[in-house]
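Enquirer: coordinates only, sequence not included:
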DNA sequence: TGTCATT
């Protein structure tokens, strides 16, 4: 139990967080004394360190980062050091002399902002010899203050070395009013807190989550046990979330998913023009494709090919092995048109997986479904016309065709090419452009995201589908969203599916209400 | 009527 009298921390400094545009990341020296002043003010320099022999001309190369290819070798057990509290006007060449006195440097890299190139005031340093790192840490950490800095230099193993992640917690579902101090107080009973950071946006507003780093894994674990789900903060939509923070690898995956979402493209080579990244990204995307295919597996079980004459009994979908839900087109179609055949189906099937894998199937142009709908000779999409029924038929047979061309075994090897078994990567929820997003109500209870997507795939490329779940019961709230990549698909889906009867209910399929407008339909 | 937010 950390006492409030404790005034020292193991870590007085942490690297500037690249995406924190405001100085919100605080390190406490004690719960009663959260720093509120921004750095660079008022604190007298007690340890001006004036002996840096800089600037010292180097050997002409701009970057002093020394790479293995350039000759230096490092010990197998070398330690990567984090160097903090570096004046922003000091580059590698300026810093090198300071650190070289403790041994030969293998690599020294000043951290720069990925986009602006701005000096982040810290660096990573790896000596060739492990011993050099230890000497440097002992001699410099918290011992000297570089010119212009208010706090002493930090020299300590980088987080990546100490696997600091396994004692760092992600805290979610905080009240947005809660500060670092509030979070500190909440977590203090379970161990010594080294770092406590509330995540904030550029405007300084809390994102409702935080990172808390304990001094040990056990402390972090006990905080999880005690606090996760233990309470619901006022204004939060769910109970407190306390879990281990993402590892570096998980963070990378998350970033890539965000990129995919932002750019709306599925070819990582285009999204990530960095040579070293694209291979890994490609693997990730393949993994995602494999996972998608695997999640479709439920359809691969005895999928009954329903006869065309039984369009009103679409329970053959066999969703999740649950009893079939009778599905019926709107009244007026008690006897289906004779021209409904599954032979028309393949041309309309456009699995989104095509986009993920890049594997061309029936429609290599990437936009087949829309055209298919239109070229099937459907001048209108009245739900009372036989052509609409045709569309519906295609919609549901499409589900079956779709799964049929994706036997799970086809994609498994792709997953196996990855170093780790595929994990479940959640489909990113993504709104499409204006006019492309549908709100669907009165879904069958057993429909999940996947089933929803299957139902709307025949009308175009579905970029996301989301069924809302009740958090408490984990039951569907029977409504959801589907986003297409173009408005025509959305309109086709509305025309065909609005009013579609499933069991005792009829689907309500509308354009999603825009955020600003409050007009009910 | 897109819940949950990962330095």
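Expert: Yep, it's here. All of these numbers come straight from a predicted model, not from anything done at the bench. Numbers count the residues shown, from 1 in each chain, chains lettered A, B, ... in the order given.

Enquirer: buried stuff in stretch A:181-195?
Expert: A:181-188, A:190-195 (16 or more other C-beta atoms under 10 Å). In this view, the C-beta of every residue, glycine as well, is placed from N, C-alpha and C.

Enquirer: brain fart, stretch A:198-206
Expert: Judged by neighbour count using 16+ other C-beta under 10 Å, the buried positions of stretch A:198-206 are A:198, A:199, A:200, A:206.

Enquirer: and what of stretch A:84-91?
Expert: A:84, A:85, A:86, A:87, A:90, A:91.

Enquirer: and if you look at stretch A:490-505?
Expert: A:490-502.

Enquirer: same deal with stretch A:452-464?
Expert: By neighbour count with 16+ other C-beta under 10 Å, stretch A:452-464 contains the buried residues A:452-464.

Enquirer: equivalent analysis for stretch A:239-259, please.
Expert: Buried, per 16+ other C-beta under 10 Å, within stretch A:239-259: A:239, A:240, A:241, A:242, A:244, A:245, A:253, A:256, A:257.

Enquirer: could you measure from the second one over to residue A:431?
Expert: Okay, so that is residue A:240. Per C-beta to C-beta, to the nearest Å, residue A:240 is found 28 Å from residue A:431.

Enquirer: cool, the first one as well?
Expert: Counting by C-beta to C-beta, the gap from residue A:239 to residue A:431 is 27 Å.

Enquirer: which residues does residue A:465 form beta bridges with?
Expert: Under DSSP bridges, the beta-bridge partners of residue A:465 are residue A:482.

Enquirer: I'd say it and residue A:479 touch.
Expert: No - Residue A:465 is beyond contact range of residue A:479, at 12.0 Å (criterion: C-beta atoms under 8 Å).

Enquirer: what about those two, which has more around it?
Expert: Taking neighbours as other C-beta atoms under 10 Å, residue A:465 and residue A:479 compare with residue A:465 leading, 26 against 16.

Enquirer: okay, the more buried one and DNA strand B: tell me how far apart.
Expert: For residue A:465, the distance to DNA strand B (C-beta to the nearest atom of the strand, to the nearest Å) stands at 6 Å.

Enquirer: and if you look at residue A:241?
Expert: Relative to DNA strand B, and taking C-beta to the nearest atom of the strand, residue A:241 is found at 4 Å.

Enquirer: list the contacts of that residue.
Expert: Residues near residue A:241 by C-beta atoms under 8 Å, 6 or more residues apart in numbering: A:170, A:171, A:172, A:173, A:209, A:228, A:229.

Enquirer: just the buried subset of the residues you listed, written out for ChimeraX, thanks.
Expert: Applying 16+ other C-beta under 10 Å to the contacts of residue A:241, the buried members can be selected in ChimeraX as follows:
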select /A:171,172,173,209,228
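
Enquirer: for the contacts of residue A:241, which one is nearest DNA strand B?
Expert: residue A:172 (2.5 Å; C-beta to the nearest atom of the strand).

Enquirer: contact partners for that closest one?
Expert: Residue A:172 touches A:208, A:209, A:240, A:241, A:242, A:243, counting by C-beta under 8 Å, 6+ apart.

Enquirer: again, only using 10 Å
Expert: Contact analysis of residue A:172 by C-beta atoms under 10 Å, 6 or more residues apart in numbering lists A:199, A:207-210, A:228, A:236, A:238-243.

Enquirer: over to residue A:209?
Expert: By C-beta under 10 Å, 6+ apart, the neighbours of residue A:209 are A:170, A:171, A:172, A:173, A:174, A:176, A:183, A:197, A:198, A:199, A:200, A:241.

Enquirer: next up, identify which helix or strand the first one is on.
Expert: In the assignment (DSSP states H and E), residue A:170 maps to strand A:168-172.

Enquirer: if we can go back for a sec, from the buried residues of stretch A:490-505, which land in helices?
Expert: Judged by DSSP state H, the buried residues of stretch A:490-505 include A:490, A:491, A:492, A:493, A:494, A:495, A:496, A:497 as members of helices.

Enquirer: could I get these as CSV with pLDDT and distance to DNA strand B?
Expert: What follows is these, written out as CSV (pLDDT from 0 to 100; distance: C-beta to the nearest atom of the strand, whole Å):
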residue, pLDDT, distance to DNA strand B
A:490, 97, 10
A:491, 96, 15
A:492, 97, 16
A:493, 97, 12
A:494, 97, 12
A:495, 96, 17
A:496, 96, 18
A:497, 97, 15
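
Enquirer: ok, the residues you listed vs residue A:133, which is closest?
Expert: residue A:490 (58.2 Å; C-beta to C-beta).

Enquirer: how about residue A:75: what's its closest non-neighbour residue?
Expert: Counting by C-beta to C-beta, 6 or more residues apart in numbering, residue A:130 is the residue found nearest to residue A:75 once chain neighbours are left out, at 5.0 Å.

Enquirer: do I have it right that that neighbour meets residue A:102?
Expert: No - applying C-beta atoms under 10 Å, one finds residue A:130 not in contact with residue A:102, separated by 11.5 Å.

Enquirer: what about those two, which has more around it?
Expert: Legend: neighbour count by other C-beta under 10 Å for residue A:130 and residue A:102, higher for residue A:102 (21 against 16).

Enquirer: residues touching the more buried one, list them.
Expert: A:125, A:127, A:129, A:131-140, A:155.

Enquirer: picking up where we left off before, quick check: the farthest pair among the contacts of residue A:209?
Expert: Among the contacts of residue A:209, A:200 and A:241 lie farthest apart (C-beta to C-beta), at 17.5 Å.

Enquirer: wait, what's in contact with the spatially closest residue to residue A:104 that is not a sequence neighbour?
Expert: Once flanking residues are discounted, residue A:104 sits nearest to residue A:128: 4.5 Å by C-beta to C-beta, 6+ apart. Going by C-beta under 10 Å, 6+ apart, residue A:128 touches A:66, A:72, A:73, A:74, A:75, A:78, A:103, A:104, A:105, A:106, A:107.
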